[in-house]
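Asker: Sequence first, then the predicted structure:
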Amino acid sequence: MAIDKALFIAAEYKEVRDVRHLRKTQYSCWQPPSSGNLKLNVDGAIFEDQDRADVGMLLRNDRGVVLFSASKKENGVTDPMEVELLAILRGLQLCILMGIPDLVIESDSLMLVEELNNSSESRSAWGNLVHEVKELIKRIPRYSVQHKGRMANEAAYNLARYAKHLEDLIVWWDSFSECISKII
């Protein structure tokens, strides 16, 4: 009886440990979207000493193939929420040009994801920008906005950091910058 109980507890422990490991992996590693969907990863980087921020965007298909990657400088921006919203806005502007029907948007800003998934009007300091993003996202027939950890969003973060060397916007169509080649 004691052996059976010990085996049961050991099996339960292993199951919980395996589930936690799977969740941690899904949270910290980039995962492809479901079949037929595209995934847009976005991130921002703030350079307060230069009174600006940079954004990075990366669109991949369900096989992980890069459809575009982009970096853009955003002058006069030093607020973390604002730069994350700008990253989504810039990414959506590129996606809408492509006529994408199914899109998963991932950001490492939980507050931003919750704000965009909230159906009520934003009363935050970034309300106008939130409204603009929500209006733009409505042009995508099927979409979701999801939170992922920094490691799952590493390529977008590196693209944002790369914009430090740019004057404005650079888009790599069907390609990506060397700064994310090891991640991809």
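Answerer: Looks like it arrived, so ask away.

Asker: residue ranges for the helices of the chain, please.
Answerer: Taking DSSP state H as the criterion, the chain carries its helices at 2-28, 80-97, 110-117, 127-137, 154-162.

Asker: looking at these, which one has the lowest mean pLDDT?
Answerer: Mean pLDDT per stretch puts helix 2-28 lowest among the helices of the chain, at a mean of 57.

Asker: Report how many residues lie close to L94.
Answerer: 20 (other Cβ atoms under 10 Å). Using the backbone N, CA and C atoms, a C-beta is placed for each residue, glycine as well.

Asker: from what I can see it touches I170, true?
Answerer: No - using Cβ atoms under 8 Å, L94 is not in contact with I170; the gap is 11.8 Å.

Asker: what do the two both touch?
Answerer: Common neighbours of L94 and I170 are listed as A70 (criterion: Cβ atoms under 8 Å, 6 or more residues apart in numbering).

Asker: burial of C29, as a residue count?
Answerer: Neighbours around C29, by other Cβ under 10 Å: 12.

Asker: And it, how close does it get to G149?
Answerer: Distance, C29 to G149, using Cβ to Cβ, to the nearest Å: 9 Å.

Asker: quick one, phi psi at S124?
Answerer: Dihedral pair for S124: phi -80, psi 170, per degrees, to the nearest 10.

Asker: Does it touch E115 like I think?
Answerer: Yes - between S124 and E115 there is a contact under Cβ under 8 Å: 6.6 Å.

Asker: If you count surrounding residues, which of those two has more?
Answerer: Of the pair S124 and E115, E115 is the one with more neighbours under other Cβ under 10 Å, namely 21 against 14.

Asker: which residues touch that one?
Answerer: So E115 contacts 122, 124, 126, 130 (Cβ under 8 Å, 6+ apart).

Asker: from those, which would you call buried?
Answerer: Neighbour-count burial (16 or more other Cβ atoms under 10 Å) is assigned, among the contacts of E115, to 122, 126, 130.

Asker: Could you dump those residues into a markdown table and include distance to F176?
Answerer: Converted to a markdown table, the buried ones among the contacts of E115 look like this (distance: Cβ to Cβ, whole Å):
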| residue | distance to F176 |
| --- | --- |
| S122 | 32 |
| W126 | 29 |
| V130 | 29 |
